[in-house]
Structures are given as C-alpha cells and as structure tokens.
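# here is the input, now give the coordinates:
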Amino acid sequence: MKPDTTAITTFGEYEHIIFFDGVCNLCNATVNWLIDHDPHQHLRFAPLQGITFDLLRKQHQHLPTNDLSTVILYTNDRFITHSEAILRIIAALGGFWRIAVIGLIVPAFMRNAVYRALARNRYRWFGKSENCRIPTPELARRFLP
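Numbers count the residues shown, from 1 in each chain. The predicted structure is shown next:
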C-alpha cells in the first residue's frame, strides 16, 4: 500500500522545513528545543526517513539519497545543510535568536569540521531510537510525514 501524500501539495507553503534524522536522540532533542523556542510556529519538521523528504528528493536530484548525517533546512526554495543550516534555523526563531547568524563569520570549513565530528559520533554519544518520533496530537500539525 502506498502512503497517502495528498496532504503534501506544495513545499512552498511552508516558510521553513527542517529535515532531521528521525531516529537520532540528539536530533529529536534539538527538535524539542526548537519547538519550545518557536512561539510563532514558523518551523515545520520532517524526518529524513519520511515521505516528505522522499518527494522532495525526487523533485531535486542533487539532494543526498542516504546521508542522514546532516540536517537540511528547506527555505526560500533553497536547501541549506550542515552548520549553516543550524545557524539559520536558530536565527529563524526570531527575536534574540537572530544573533545566531553572527556565527556565519566563522569560515565554513571550521564550522563544518565541528559539525561533522558531532554528526559522526551522535549515535555513540546520544543514542539512537528504534523508531522515528511520533508527535503528540497538538504538535502533529508542525510535522510533515
């Protein structure tokens, strides 16, 4: 049976979609933190293992197919990965958090070296769930399949 994709009409209707590793405990904790700090609910979330990312990947051939080691921010019809994605996601929270873009002055090769080291060790240091996160009913509208 094919999954129902009728709810996903256009990706452009969402201001920011954050694709994350749905079984990574660090990633899930980060999503929880973002939800708690996003009072205007600008951010939407979808696991890299989900239907939404599969559909997006079919539309954009340059997206990684099996790489779960990076968060991907989809915004303004752009895909942003690694440390830049993290900084822009935090800045998207608005208010005080906009200051996160200052981190972009650090050269990308330095930021991404730290990012890749954390990503490489995330399961060892933070653990892994057997299943993707299932949101509570009140949070379900913030998540895409």
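# buried residues in the helix or strand of the chain with the lowest mean pLDDT?
Lowest mean confidence among the helices and strands of the chain (mean pLDDT, DSSP states H and E): helix 51-59, at a mean of 84. Neighbour counts using 16 or more other Cβ atoms under 10 Å place 51-53, 55-57 of helix 51-59 among the buried residues. Glycine gets a C-beta too; all of them are placed from N, C-alpha and C.
# dump those residues to TSV, plus distance to His16.
As requested, those are exported to TSV (distance: Cβ to Cβ, whole Å):
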residue	distance to His16
Ile51	19
Thr52	13
Phe53	15
Leu55	17
Leu56	14
Arg57	18
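# which one among the residues you listed gets closest to Thr136?
Distances from Thr136 to the buried residues of helix 51-59, taken as Cβ to Cβ, are shortest for Thr52 (19.0 Å).
# hmm, that closest one is touching Phe45, no?
No: the pair Thr52 and Phe45 does not pass the contact test of Cβ atoms under 8 Å, sitting 9.5 Å apart.
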